[in-house]
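# What follows is a predicted protein model with its sequence.
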Amino acid sequence: MFWVPLLLLAWAVTGLACGRLCLAASRAADQERAAPRGHELTLYEAAFLSGGPARVADVALVAMARARRLLIAHTGWATVVDPVGRDDMERSVLGAIGPAGQSRIAPIRRGAATAEAVRALADRLVAAGLAVPEGVGSHVASAVRQVRAATVAVLALGAAAVLMPAQGQGASGQVPVAVWFGLPLLMCVGCLAIARVEVHPYTRWASPAGQRLLGALPTRDDQLAAVAVRGVRAVAEPELRAALTDRGRRGVAQGGL
């Protein structure tokens, strides 16, 4: 009967791991059910779901540059032409440029990406079930990893119990010890199988509902939508793309965004 403590330990490891996975999956399912039906994404919403705050700032910069309200030079500098923003994000960009009316792109992107307008946008998308709340995707992935580790632990404990001298049979002499360890093992494998079918993969920003809306967003004939989904590499103008991709991106990396 020396194998009984090992069996109890196997059940404890299994119960904790599977319980955590069920809780994480339940929270993710609640968020999925909260997603609205028939919602049409704005450009800024699509940008956030695709690339986060920095992508929202990029879309605002490209939109202002194409409308000639902002002059973006290939050297990586932006100059204000029209000091009146048409929405909260454009006003955030102008605020990041400052009263001088000219700034390098990297600090503009950092300032606009951390502005209140982007935080409010993120909160709305999370509340709508389209964006991933902080930690939800990582909690599900971590819970799945814990169940996998529990599966390995149960196998190891079962092997140790079976290899104990005279422990190959249960107390009744009829039920093999391995069968008792097969029950928690079956529970772990079952949870992993259910999670594979029911728990949808999460990106860093978009929930499964948000990913579906992004997939339905037409980008072929809308260059701003293409920038929102694919980033500044989708910018058609070579000089503008170079300013935002090369010099601007190096500045962001140096600034720690």
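That came in fine, so what should we check first? Numbers count the residues shown, from 1 in each chain.
# Please enumerate residues in contact with stretch 110-123?
44-45, 48, 52-54, 56-57, 60-61, 88-89, 91-93, 95-96, 131, 252, 255, 257 (C-beta atoms under 8 Å, 6 or more residues apart in numbering). Backbone N, C-alpha and C define where each C-beta goes, glycine included.
# Helices - which of those land there?
Per DSSP state H, helices hold the following members of these: 44-45, 48, 53-54, 56-57, 60-61, 88-89, 91-93, 95-96, 252, 255.
# ok, which stretches of the chain are helices?
4-33, 43-51, 53-66, 88-97, 105-113, 116-127, 136-163, 177-198, 208-215, 223-230, 238-242, 248-255.
# give me the low-pLDDT residue ranges for the stretch 151-257 of the chain?
Applying pLDDT under 70 to the stretch 151-257 of the chain picks out residues 166-175, 198-203, 219-221, 246-257.
# now with 50?
By pLDDT under 50, the low-scoring segments of the stretch 151-257 of the chain are 170-172, 247-257.
# quick revisit: filter the ones in helices among the contacts of stretch 110-123 down to the buried ones.
44-45, 48, 53-54, 56-57, 60-61, 88-89, 91-93, 95-96, 252 (16 or more other C-beta atoms under 10 Å).
# can you list the domains in this structure?
Under automatic domain parsing, the residue ranges defining each domain of the chain are 4-35+134-198, 43-127+218-255.
# would a markdown table of those with distance to Trp205 be doable?
Below are those laid out as a markdown table (distance: least, C-beta to C-beta, whole Å):
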| stretch | distance to Trp205 |
| --- | --- |
| domain 4-35+134-198 | 9 |
| domain 43-127+218-255 | 5 |
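# quick one, which of these is packed in tightest?
Most buried of the domains of the chain, by mean neighbour count (mean count of other C-beta atoms under 10 Å): domain 43-127+218-255, with a mean of 18.
# quick one: Ala65 and Leu71 touch, right?
Yes. Using C-beta atoms under 8 Å, Ala65 is in contact with Leu71, at 7.3 Å.
# what's the nearest residue to Ile97 if we skip its chain neighbours?
With C-beta to C-beta, 6 or more residues apart in numbering as the criterion, Ile97 has its nearest non-adjacent residue at 4.6 Å, and that residue is Ser103.
# and the one you found, bridged to which residues?
Ala78 (DSSP bridges).
# Please tell me how far it sits from Ala63.
Between Ser103 and Ala63 the computed distance is 17 Å (C-beta to C-beta, to the nearest Å).
# isn't the residue nearest to Ile97 right up against Ala78?
Yes. Taking contacts as C-beta under 8 Å, Ser103 lies within contact range of Ala78: 6.0 Å.
# So for these two, which residues contact both of them?
With C-beta under 8 Å, 6+ apart, Ser103 and Ala78 have common neighbours Ile97.
# Contact partners for the closest residue to Phe181 other than its chain neighbours?
Spatially, and ignoring its direct neighbours in sequence, Phe181 is nearest to Gly158 (3.3 Å; C-beta to C-beta, 6+ apart). Taking C-beta under 8 Å, 6+ apart, we find Gly158 in contact with Leu6, Ala10, Val177, Ala178, Phe181, Gly182, Leu185.
# does the fourth one really touch Met164, like I thought?
No. At 11.8 Å, Ala178 does not count as touching Met164 under the criterion of C-beta under 8 Å.
# ok, and what's touching stretch 95-102?
So stretch 95-102 is contacted by 77-80, 83, 103, 107-112, 115 (C-beta under 8 Å, 6+ apart).
# export those to TSV and tack on distance to Ala243 and pLDDT?
Below are the contacts of stretch 95-102 laid out as TSV (distance: C-beta to C-beta, whole Å; pLDDT from 0 to 100):
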residue	distance to Ala243	pLDDT
Trp77	8	89
Ala78	8	91
Thr79	12	92
Val80	15	93
Pro83	20	90
Ser103	13	92
Pro107	14	92
Ile108	11	92
Arg109	11	91
Arg110	16	92
Gly111	17	93
Ala112	15	93
Ala115	21	93
